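Enquirer: Requesting a structural model of the entry that follows:
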Amino acid sequence: MRQGWRDSTLPVGPRPEVPNHAKRRAALSAALSGETLVIPTGPEKVRANDTAYRFRPGSDFVYLTGDHDPDGVLVMRPNGSGHDAVLYVRPRSPRDNDEFFRSRDGELWVGRRHTLAEKSTELGVETAPLADLPAALADCAPGRTRVLRGLDPSVDGAVRPYEPPKRAAAEGSGDRPAPLGRDRELAALLAEQKLVKDEWEIAQLQDAIDATVRGFEDVARVLPADRPVRERLLDGVFGLRARHDGYDVGYNSIVGAGEHATILHWIRNTGVTRPGELLLMDMGVEGRHLYTADVTRVLPVSGTFTPLQRQVYDIVYAAQQAGIDVIRPGVSFKDVHRTCMRVLAEGLADLGLLPVGVDEAMDEQSMVYRRWTLHGFGHMLGIDVHDCANARKENYRDGTLGEGYVLTVEPGLYFQPEDDLVPAELRGIGVRIEDDVLVTADGAVNLSAGLPRRADEVEEWLAAQRAAGFRLPG
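Expert: Next up is the predicted model:
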């Protein structure tokens, strides 16, 4: 087995996005000068017994390197003027031992890996064999090293969290909030760095969103008006588009027919559509560079909304539009939330559901409207569907919007089938409309405007898709 193999080289060159990753590493270096930084991507995860889930690299690791292979670790060491970055990776299987055909990581099992030189050329960063990582981590100085934890158990175990002296740990007591731990601060800085998207990132998001629009079109074309189909059929059709046009789905698709639309994270998708009911679909394609869309649409299965369905839908649409209209740099995240929620509360009052006035319902001591709205208006979007989740509250949920932010706007109304406080005809209706919005200097741009939102436009679009018929992606 070790004899008679022809050598081969990969025709690699620097990827176009290499300068973007270098710029991000430089920004992180400037924020944490003089400290060693360790950012792993993580290993494959076991699905069952000896089978693994399809590997999805760590978001922060990809953000800084562009590498999609498992097990890699980026180590940034201070050099006096910044940091030297070294990417520790598993190199190509050698032919002088049995790894290439015996190991589950070998070339005959998982395919051709890059040599260290090929990887370095492609990503624009120095590389070293993964076998050298333990020695490199053993050399990390306590109190001068930060690790992005929770991704790779071997890295977490090799570099213990720094425990400051008790006096220093107590400095956060009193009226001031306790400071973040050193490792948590690394995670927070990376999250906050990702708040502002550059032009390349916005282009990746737009590509993923455009593919998502095509995926919704695919699903609409196989959705019959006159007979039931399984939610999993629609889930699968969208998944086909995601795998063909991107890397995968950005999250488990929510396909909620009828009363399943009132369950926020309905991912079992075991139900069936029924003519006369609504179908809520929350789905997004994750692009080849792992930036993801996140879009929700509600379709009337029969082709047209009933008067009551349209009334609920129009309330949610008005709330979403009000939120989009208020978005601009300097506006607080909470103000967008309050804007959307007030419109929903006013709509609930029009439906005769609020037991108090709108102003009282909006008061933080009441918020009775939350029984039927359940969640906030949206979240940041990017290389994660819930991007920037580790950012400090004062820079995200309690902060203000900035130019280059991308976020979802997704208000909803949900009337549970067992809710005795609503009329019977409302029970089991769930409506959420979600779009992906870029904050610009002048306001907001709806990146997912390729899918209609107004009730009459949705009906026209659904009819047009059904008339076009389903075609395999090509």
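Enquirer: Next secondary structure after the longest helix anywhere in the chain?
Expert: Under DSSP state H, the helix in the chain containing the largest number of residues is helix 199-221. Beyond helix 199-221 on the C-terminal side, the first helix or strand identified by DSSP states H and E is helix 231-245.
Enquirer: distance between the ends of stretch 356-366?
Expert: 9 Å (CA to CA, to the nearest Å).
Enquirer: Would you indicate which residues of that stretch are buried?
Expert: Using 16 or more other CB atoms under 10 Å as the test for burial, stretch 356-366 gives Val358, Ala361, Met362. (Each C-beta comes from the backbone N, C-alpha and C, glycine too.)
Enquirer: and the second one, which of the three is it?
Expert: In other words, Ala361. Following DSSP: H, G, I helix; E, B strand; the rest coil, we place Ala361 in the helix state.
Enquirer: OK, contacts around it?
Expert: Each residue near Ala361 by CB atoms under 8 Å, 6 or more residues apart in numbering is listed here: Ala345, Leu348, Ala349, Leu354, Met367, Val368, Tyr369.
Enquirer: which of those residues lies closest to Leu37?
Expert: Taking CB to CB as the measure, Leu37 lies nearest Met367 of the contacts of Ala361, at 41.3 Å.
Enquirer: And the closest one, how far from Arg432?
Expert: Met367 sits 19 Å away from Arg432, going by CB to CB, to the nearest Å.
Enquirer: ok, now Phe216?
Expert: Relative to Arg432, and taking CB to CB, Phe216 is found at 14 Å.
Enquirer: Okay, domains of this protein per the record?
Expert: What automatic domain parsing lists as the domains of the chain is 18-193, 199-468.
Enquirer: What segments of the stretch 51-200 of the chain are helices?
Expert: Taking DSSP state H, counting those that start in this stretch as the criterion, the stretch 51-200 of the chain contains helices spanning 59-65, 99-102, 107-110, 116-123, 133-138, 153-158, 166-169, 182-193, 199-221.
Enquirer: For these, which has the smallest mean pLDDT value?
Expert: Here the lowest mean pLDDT among these goes to helix 166-169, at a mean of 56.
Enquirer: Dump stretch 426-435 to PDB, keeping only the CA atoms.
Expert: Below are the C-alpha coordinates for stretch 426-435, written out as PDB (Å, rounded to 0.1, in the frame of the first residue of the first chain):
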ATOM      1  CA  LEU A 426     -58.100  32.900  16.200                       C
ATOM      2  CA  ARG A 427     -56.700  29.800  18.000                       C
ATOM      3  CA  GLY A 428     -54.000  28.000  16.100                       C
ATOM      4  CA  ILE A 429     -53.000  31.000  13.900                       C
ATOM      5  CA  GLY A 430     -49.300  32.000  14.000                       C
ATOM      6  CA  VAL A 431     -47.800  34.800  11.800                       C
ATOM      7  CA  ARG A 432     -44.200  36.000  11.700                       C
ATOM      8  CA  ILE A 433     -42.700  38.000   8.900                       C
ATOM      9  CA  GLU A 434     -38.900  38.200   8.900                       C
ATOM     10  CA  ASP A 435     -36.400  40.100   6.700                       C
END
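Enquirer: now it, how far from the chain's geometric center?
Expert: Here the centre of stretch 426-435 is set off from its chain's centre by 22 Å, with CA atoms, centre = their mean, to the nearest Å.
Enquirer: Go ahead and confirm Arg338 touches Met362.
Expert: Yes. When contacts are counted by CB atoms under 8 Å, Arg338 is listed as touching Met362 (7.3 Å).
Enquirer: where does the chain dip in pLDDT?
Expert: Across the chain, the ranges flagged by pLDDT under 70 are 166-179.
Enquirer: Let's see that with 80 instead.
Expert: 163-180 (pLDDT under 80).
Enquirer: The spatially most central residue of it and Pro129: what is the separation?
Expert: Residue closest to the average C-alpha location in the chain (CA atoms, centre = their mean): Val385, at 1.3 Å. Here the distance between Val385 and Pro129 works out to 34 Å (CB to CB).
Enquirer: Spit out the contact partners of Gly303.
Expert: Ala225, Glu459, Leu462, Ala463, Arg466.
Enquirer: Determine the number of other residues adjacent to the first one.
Expert: Counted with other CB atoms under 10 Å, residues neighbouring Ala225 total 15.
Enquirer: Please apply the same query to Tyr369.
Expert: Using other CB under 10 Å, Tyr369 is surrounded by 22 other residues.
Enquirer: what about the closest residue in space to Gly34 that isn't next to it in sequence, distance to Arg146?
Expert: Nearest residue to Gly34 in three dimensions, chain neighbours excluded: Pro78, at 4.9 Å (CB to CB, 6 or more residues apart in numbering). Pro78 is 12 Å from Arg146, where distance means CB to CB.
Enquirer: One more: Arg342?
Expert: Between Arg342 and Arg146 the distance is 42 Å, computed by CB to CB.
Enquirer: Which of these two has more residues huddled nearby?
Expert: Counting neighbours by other CB under 10 Å for Arg342 and for Arg146 shows that Arg146 has the greater number, 24 against 17.
Enquirer: so what's the more buried one up against?
Expert: Leu32, Glu35, Thr36, Leu37, Val38, Arg182, Asp183, Glu185, Leu186.
Enquirer: Look at the first one and say how many residues are nearby.
Expert: In other words, Leu32. Leu32, neighbours per other CB under 10 Å, totals 17.
Enquirer: Next: the third one.
Expert: For Thr36, the number of neighbouring residues by other CB under 10 Å comes to 20.
Enquirer: From what I see, it and Pro142 are in contact.
Expert: No. Using CB under 8 Å, Thr36 is not in contact with Pro142, being 10.5 Å away.
Enquirer: coming back round to it: let me have the buried residues of stretch 356-366 in TSV, extended by distance to Arg102.
Expert: Listed next are those as TSV, based on distance: CB to CB, whole Å:
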residue	distance to Arg102
Val358	69
Ala361	66
Met362	65
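Enquirer: from these, which single one is nearest Glu192?
Expert: Looking across those and measuring by CB to CB, the closest to Glu192 is Met362, at 29.8 Å.
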